[in-house]
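**Student:** I need the structure of the sequence given here:
(one chain, ligands or ions: 1)
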Amino acid sequence: MNNKDLETLRAQINNIDNNIIELLEKRSEIVKEIGKIKREKGLSFYAPERENQIYKTLDSLKLTYMNKNSLKAIFREIMSASIKMEEPLTISYLGPEATFTHQAAIEKFGTSLYYQSEESIEDVFFDVEQDRADFGVVPIENSIEGVVNYTLDMFVNSNVKIVSEIMVDIKHNLLSKANSLSEIKTVYSHPNALGQCKSWLKKHLPNAMLLETTSTAKAAKIAAKDKTAAAISSLAASALYDLNVLAKGIEDKINNVTRFLVIGKHIPSPSGEDKTSLMFSIHDKVGALYSILKIFYDNQINLTRIESRPSKQENWSYIFYVDIDGHIESESVKRAFDNLSEVVPFVKFLGSYPKYIK
Ligand SMILES: O=C(O)C(=O)C[C@]1(C(=O)O)C=C[C@@H](O)C=C1
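**Tutor:** The predicted structure follows:
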């Protein structure tokens, strides 16, 4: 290909880019209208059910050249910019910067919004409750470590609702200012990450001292100040703290996924494929849990998870958390919720939200 060809092709791209920009301008004009209606009606500017519809449409396309994940990332950012045009929302997350929760938040809301890092899950809940943030992102469970009890417990006394969910593949990496493994004397990370990379550490750094930190991002911050130290952390942290990636994907089990929740104050409209989360306690008597599970069965509702936690009110009494298929606005879910309310001492609706799609 000679330079002339290259110039011709780039001129064609310039034309297409102009068309894309013109269309984005037209799209933005409509977005502004939507924003006005939402403000008048007190609706949520972020509409996860609508975003899922758009992602599903993209998923169903038959494309010749474009990679679907790339296309979705482009639309993620278009919608992020659109939300910002309607209302520049603030998203609170369990920080510091470059944690997996931060990554999850950006995956959900794109890069156009404001992000507010918090030191604890409790603070993320408080930010949303007290309107210091419009939405919050917190971890709820990991495929290896199990449920994040702290997040579950927060729902007992909080009135925030679950409005969306995110799944993130957890990839651990060894980051350091050093250039080779032989220089590493200490490895810092969150206890979960150290646990998830145990075999790799034993094989490649058998003599290193392992030290726990409150987050994987904090570990990266510490490692940035000591050339004999390394951190197990995300690639985002390697960029943020300018660290070398000495080894990629060092987790022992490859299927390491963390589920995060977006919390807010509005309940999204049904998307067609939704989940509902509920919390309840039961009477201390024979068959109590059985009779509750039967309510879901009788209403033909699929129960996708059940967790129990000590109620903290009296010893050996428990609170149950369930996720079911369907939206609270559907007849069967509404009926099941009403039936449940009649037989349990305490029940709380935690949210109906669209199921995660990658
Ligand atoms: O359809 C809406 O409710 C919009 O606000 C528009 C739009 C979009 O850009 O397509 C933007 C933000 C919402 O989260 C969903 C969709």
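**Student:** tell me which parts of the chain are close to the ligand?
**Tutor:** Proximity of the chain to the ligand (CB under 6 Å from any ligand atom) is limited to residues 31, 34, 46, 47, 50, 51, 79, 82, 83, 86. To be clear about C-beta, it is placed using only N, CA and C from the backbone, and glycine gets the same treatment.
**Student:** Mark which of those residues are buried, thanks.
**Tutor:** 31, 34, 46, 47, 51, 79, 82, 83, 86 (16 or more other CB atoms under 10 Å).
**Student:** Sitting in helices, which of those residues do you find?
**Tutor:** Assigned to helices by DSSP state H, the following of those qualify: 31, 34, 51, 79, 82, 83, 86.
**Student:** Does the fifth one touch residue 29 like I think?
**Tutor:** No: taking contact to mean CB atoms under 8 Å, the distance of 11.0 Å between residue 82 and residue 29 leaves them out of contact.
**Student:** Could you list which residues are in contact with the nearest residue to residue 246 once chain neighbours are set aside?
**Tutor:** Closest residue to residue 246 apart from its sequence neighbours, by CB to CB, 6 or more residues apart in numbering: residue 174 at 4.5 Å. By CB atoms under 8 Å, 6 or more residues apart in numbering, residue 174 lies in contact with 181, 184, 187, 230, 231, 232, 245, 246, 247, 250.
**Student:** Now residue 174: which helix or strand?
**Tutor:** For residue 174, the enclosing helix or strand under DSSP states H and E is strand 173-176.
**Student:** Given that strand, what are its sheet partners and their directions?
**Tutor:** Strand 173-176 has its sheet partners listed here by DSSP bridges as strand 229-233 (antiparallel), strand 244-247 (antiparallel).
**Student:** I'd like the ones in helices among the buried ones among the residues of the chain next to the ligand as CSV, with pLDDT and distance to residue 209 appended.
**Tutor:** Shown next, in CSV, are those (pLDDT from 0 to 100; distance: CB to CB, whole Å):
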residue, pLDDT, distance to residue 209
31, 98, 53
34, 98, 55
51, 96, 45
79, 98, 45
82, 98, 49
83, 98, 45
86, 98, 50
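**Student:** Let me know the closest of those residues to residue 324.
**Tutor:** Residue 324 has its nearest neighbour among those in residue 51, at 22.1 Å by CB to CB.
**Student:** Chain neighbours aside, what residue packs nearest to the closest one?
**Tutor:** Nearest one to residue 51, counting by CB to CB, 6+ apart, is residue 79 at 5.9 Å.
**Student:** From residue 355, how far off is the closest residue to residue 302 other than its chain neighbours?
**Tutor:** Closest residue to residue 302 apart from its sequence neighbours, by CB to CB, 6+ apart: residue 325 at 4.2 Å. Going from residue 325 to residue 355 by CB to CB, to the nearest Å gives 8 Å.
**Student:** which residues do these two both contact?
**Tutor:** Shared contacts of residue 325 and residue 355 (CB under 8 Å, 6+ apart): 274, 275.
**Student:** Look at residue 342 and report its pLDDT.
**Tutor:** You'll see residue 342 listed with a pLDDT of 94.
**Student:** And it, how far from the ligand?
**Tutor:** For residue 342, the distance to the ligand (CB to the nearest ligand atom, to the nearest Å) stands at 36 Å.
**Student:** where do the strands sit along the stretch 51-200 of the chain?
**Tutor:** For the stretch 51-200 of the chain, the strands defined by DSSP state E, counting those that start in this stretch occupy 90-94, 114-118, 135-142, 146-147, 161-169, 173-176, 186-189.
**Student:** Can you give me the buried ones in the longest one?
**Tutor:** Okay, so that is strand 161-169. 161, 162, 163, 164, 165, 166, 168.
**Student:** what's the first one in contact with, if anything?
**Tutor:** Taking CB under 8 Å, 6+ apart as the definition of contact, the neighbours of residue 161 are 263, 264, 265, 266, 267, 349, 350, 351.
**Student:** switch to 7 Å and redo it
**Tutor:** Each residue near residue 161 by CB atoms under 7 Å, 6 or more residues apart in numbering is listed here: 263, 264, 265, 267, 350, 351.
**Student:** So the fourth one, which state does it fall into?
**Tutor:** Just to be clear, that refers to residue 267. Going by DSSP: H, G, I helix; E, B strand; the rest coil, the secondary structure assigned to residue 267 is coil.
**Student:** Quick check on it: phi, psi?
**Tutor:** Residue 267 adopts backbone torsions of phi -100, psi 120, taken as degrees, to the nearest 10.
**Student:** What is the neighbour count of it?
**Tutor:** Neighbour count for residue 267, taken as other CB atoms under 10 Å: 18.
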